[in-house]
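A.B. asks: Below are the sequence and a predicted model for it; my questions follow.
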Amino acid sequence: MRKITKLLVTSIVAMMFLSGGLVFAGGSKDTKVEDTDPVIHVFGAFRGEEAARFQEIVKIFNAKSGYTVVYEGSPEFETQIQVQAEAGTPPDIAAIPQPGTMKTFAEKGYIMPLPDSVVDSINKNYATVWKELGSYDGKTYGVFHRVNAKSFVWYNKKAFAAKGYTVPKTWDELKALENKMVANGDTPWSIGFESGNATGWVGTDWMEDIMLRTAGPEMYDKWVNHEIPFNDPAVKKALDICGTIFLNEKYVYGGPTNILTTNYGDSIKPIYENPPKAYMNRQGNFITGFMQDDIQANLEENVGVFALPPIDEKWGTPVLGGGDQFVMFSNKPGVAEFLQFLTTWEACAPWAKIGGALFPHKNQNFDDYGNALERDIAKILVNAKVFRFDASDMMPAEVGSGTFWTGLVDYVGGEDSETVLTSIEDNWPN
């Protein structure tokens, strides 16, 4: 959790109180001060270029509706929204990245269930999984808009073609491809765990993807909620499968030691060197921003992508990722209308055309994406029968951004899977 000084917290609370926003006295939704502010305040974590692109969406709504929606982004969003909600000075709408925060706010009565008009639009325009992810205790609270996905394997189109390599559709085909590459003197994977204080998160993403493909979504959910222990056989199986790649000197560029010292953003670069030092990199849709400039200049020509193949056919090809769900703290005029607008493709197409975002809407026009690469990954996302949020983002911070990250580092560093998983289990907070 990002930190914020007491002075800044005090200032934020004071400013929000003076702004005339909806106030829940003592954090309760039962006592309300009349809201006379005609502006609809939306608060989130979008900043910089992302904020500029979302502002274009807001402008479309304001022009066609006559309402005035104003968006504010902050690098301290996670901390500030907690402070504002608890103080009874929230915005009208917030874009929350973590499902756990939405559920906590719903449980405490800080946010309101969505009106029927918005829920009907969700039912019409989204796969069921997105409604489920935005629901708590039988009621729907969240509207998903921009999302991201991580279950992709990136490759060098030209190098693949030159070597006669083909995209695998199953895990067995992936293993056959790995062995073919090794036989040709090539290295299948480039992997990097290094990320400063967050070193290890790349490994947890790998493991989460494998867990979804071997144990399925229900067992995955039990793992996230600690309804099974962290060293359950199903969890160990997922880590051991990761190990068949991580710990194999022939499969990973530079071997396990290089995994721990290579930055996650730099790990994509060996794929596009001439000649390539490795041929595949598993990462989220954001990784294109870390590719060499000349590669980014012509993504369609240089970059190929496919979904990490399924392992157990009954789970299909799951997608791991995240996204921002918009929740309502007030029901002033225009709030429901804006949330309903976000469920439509009209509220997504401008951002899709510019690039840098995916959307889960069923009725989207894939031709609106600015390049074939993003069209391909958007189709993978929309067609996925199983979508789950990043497990580490939903686990207690002591584990999700603590022992789970460091445990994967220890595993690649030589600890056996049973020792690593038992240590994480022993440190799960009561």
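C.D. replies: Good, I have the coordinates. Keep in mind the model is a prediction, meaning the values are calculated, not measured.

A.B. asks: pLDDT score for the closest residue to residue 344 other than its chain neighbours?
C.D. replies: Spatially, and ignoring its direct neighbours in sequence, residue 344 is nearest to residue 125 (6.7 Å; CB to CB, 6 or more residues apart in numbering). Backbone N, C-alpha and C define where each C-beta goes, glycine included. For residue 125, the model assigns a pLDDT of 94.

A.B. asks: So what does the closest residue to residue 406 other than its chain neighbours look like in phi/psi?
C.D. replies: Nearest in space to residue 406, with sequence neighbours left out and distances taken as CB to CB, 6+ apart, is residue 200 at 5.8 Å. When quoted as degrees, to the nearest 10, the phi and psi of residue 200 stand at phi 110, psi -20.

A.B. asks: Helix or strand next in line after the helix or strand harbouring residue 379, which one?
C.D. replies: Applying DSSP states H and E as the criterion places residue 379 in helix 372-383. With elements assigned by DSSP H and E, the helix or strand that comes after helix 372-383 is strand 387-389.

A.B. asks: Okay, now the sheet partners of that following strand, with direction.
C.D. replies: Applying DSSP bridges, strand 387-389 is found paired with strand 319-328 (parallel).

A.B. asks: for the record, mean pLDDT for the partner strand?
C.D. replies: Averaging pLDDT along strand 319-328 gives 92.

A.B. asks: now that strand against helix 372-383, angle please.
C.D. replies: Between strand 319-328 and helix 372-383, the angle comes out at 80 degrees (axes from the mean of the first three to the mean of the last three CA atoms, to 10 degrees).

A.B. asks: Break the chain down into its domains, please.
C.D. replies: The record's domain parsing of the chain by automatic domain parsing lists 6-149+321-389, 152-317+395-426.

A.B. asks: For residue 312, give me its contacts.
C.D. replies: Each residue near residue 312 by CB atoms under 8 Å, 6 or more residues apart in numbering is listed here: 213, 214, 216.

A.B. asks: out of these, which is most surrounded?
C.D. replies: residue 213 (25 neighbours; other CB atoms under 10 Å).

A.B. asks: List the residues that contact that one.
C.D. replies: 171, 308, 310, 311, 312, 315, 318.

A.B. asks: Buried only: go through the residues you listed for me.
C.D. replies: Taking 16 or more other CB atoms under 10 Å as the criterion, what is buried in the contacts of residue 213 is 171, 308, 310, 311, 315, 318.

A.B. asks: any idea how far the nearest residue to the second one once chain neighbours are set aside lies from residue 92?
C.D. replies: With CB to CB, 6+ apart as the measure, residue 151 is the residue that lies nearest to residue 308, at 4.8 Å, once sequence neighbours are left out. The span separating residue 151 from residue 92 equals 34 Å under the rule CB to CB, to the nearest Å.

A.B. asks: These two: who's more crowded?
C.D. replies: Legend: neighbour count by other CB under 10 Å for residue 151 and residue 92, higher for residue 151 (28 against 23).

A.B. asks: Isn't the more buried one up against residue 321?
C.D. replies: Yes - using CB atoms under 8 Å, residue 151 is in contact with residue 321, at 7.3 Å.

A.B. asks: and the domains of the chain, which one is worst for confidence?
C.D. replies: Looking at these, the lowest mean pLDDT belongs to domain 6-149+321-389 (a mean of 85).

A.B. asks: Could you give me the buried positions within the longest helix along the chain?
C.D. replies: For the chain, the helix with the greatest residue count under DSSP state H is helix 48-65. Under the neighbour-count criterion of 16+ other CB under 10 Å, helix 48-65 has 50, 51, 53, 54, 57, 58, 61, 62 buried.

A.B. asks: measure the second one to residue 250 for me?
C.D. replies: By that I understand residue 51. In this view, residue 51 and residue 250 are 45 Å apart by CB to CB.
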